[in-house]
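Student: I'll drop the sequence and a predicted model, then ask my questions.
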Amino acid sequence: MNNKTIAQAFKVLGGKERIQIIQYLSTGEKCVCGILKHLKLPQNLVSYHLGALRKNNLIMTRKEGKWVHYSLNKKSFSGLQEFLEKL
């Protein structure tokens, strides 16, 4: 990961709702309906936060029929972890 990518990832992770999503996904892949129930936020806000995380390659999606499933992008988090360990 380059410095620009790392800085953008930390900026995106700065929101409490996004941290909640990351923590929720840390236990495994989740359907969007589960994320909505967990956050107790309107669908449009959850979609906005998921979009920001996805745009920055912090989460991945998998479509199954009508449902979209989200999971952590372990490669991106490994890159962030490597950066932090070097400090």
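Tutor: Thanks, I have it. Worth saying up front: this structure is predicted, and the values here are computed from it rather than measured.
Student: Give the residue spans of this structure that score low on pLDDT.
Tutor: Along the chain, no part satisfies pLDDT under 70.
Student: where do the helices sit along it?
Tutor: According to DSSP state H, the chain carries its helices in the segments 3-12, 16-25, 32-39, 43-55, 74-85.
Student: Quick one: closest of those to Lys66.
Tutor: Closest to Lys66 of the helices of the chain is helix 32-39 (C-beta to C-beta; 10.0 Å). Every C-beta, even on glycine, is put in place using the N, C-alpha and C of the backbone.
Student: Not counting the closest one itself, show me its contacts.
Tutor: 17, 20-21, 24-25, 30, 43, 46, 50, 67-70 (C-beta atoms under 8 Å, 6 or more residues apart in numbering).
Student: cool, and stretch 56-74?
Tutor: Residues from elsewhere that reach stretch 56-74 (C-beta under 8 Å, 6+ apart): 8-9, 12-13, 21-22, 25-26, 28-33, 35, 50, 53-54, 76-77.
Student: Now it - C-alpha only, PDB.
Tutor: Extracted C-alpha coordinates of stretch 56-74, given in PDB (Å, rounded to 0.1, in the frame of the first residue of the first chain):
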ATOM      1  CA  ASN A  56     -11.600   2.300  -0.600                       C
ATOM      2  CA  ASN A  57     -11.300  -1.500  -0.900                       C
ATOM      3  CA  LEU A  58     -11.800  -2.100   2.800                       C
ATOM      4  CA  ILE A  59     -14.800  -4.400   2.200                       C
ATOM      5  CA  MET A  60     -15.800  -6.800  -0.600                       C
ATOM      6  CA  THR A  61     -19.200  -7.800  -1.900                       C
ATOM      7  CA  ARG A  62     -20.700 -11.000  -3.200                       C
ATOM      8  CA  LYS A  63     -24.100 -11.100  -4.700                       C
ATOM      9  CA  GLU A  64     -26.400 -14.100  -4.200                       C
ATOM     10  CA  GLY A  65     -29.800 -13.700  -5.900                       C
ATOM     11  CA  LYS A  66     -31.300 -10.400  -4.600                       C
ATOM     12  CA  TRP A  67     -29.000 -10.300  -1.600                       C
ATOM     13  CA  VAL A  68     -25.600  -8.600  -1.300                       C
ATOM     14  CA  HIS A  69     -23.100 -10.100   1.200                       C
ATOM     15  CA  TYR A  70     -20.300  -8.100   2.600                       C
ATOM     16  CA  SER A  71     -16.900  -9.200   4.000                       C
ATOM     17  CA  LEU A  72     -13.700  -7.600   5.100                       C
ATOM     18  CA  ASN A  73     -11.000  -7.200   2.500                       C
ATOM     19  CA  LYS A  74      -8.300  -9.000   4.500                       C
END
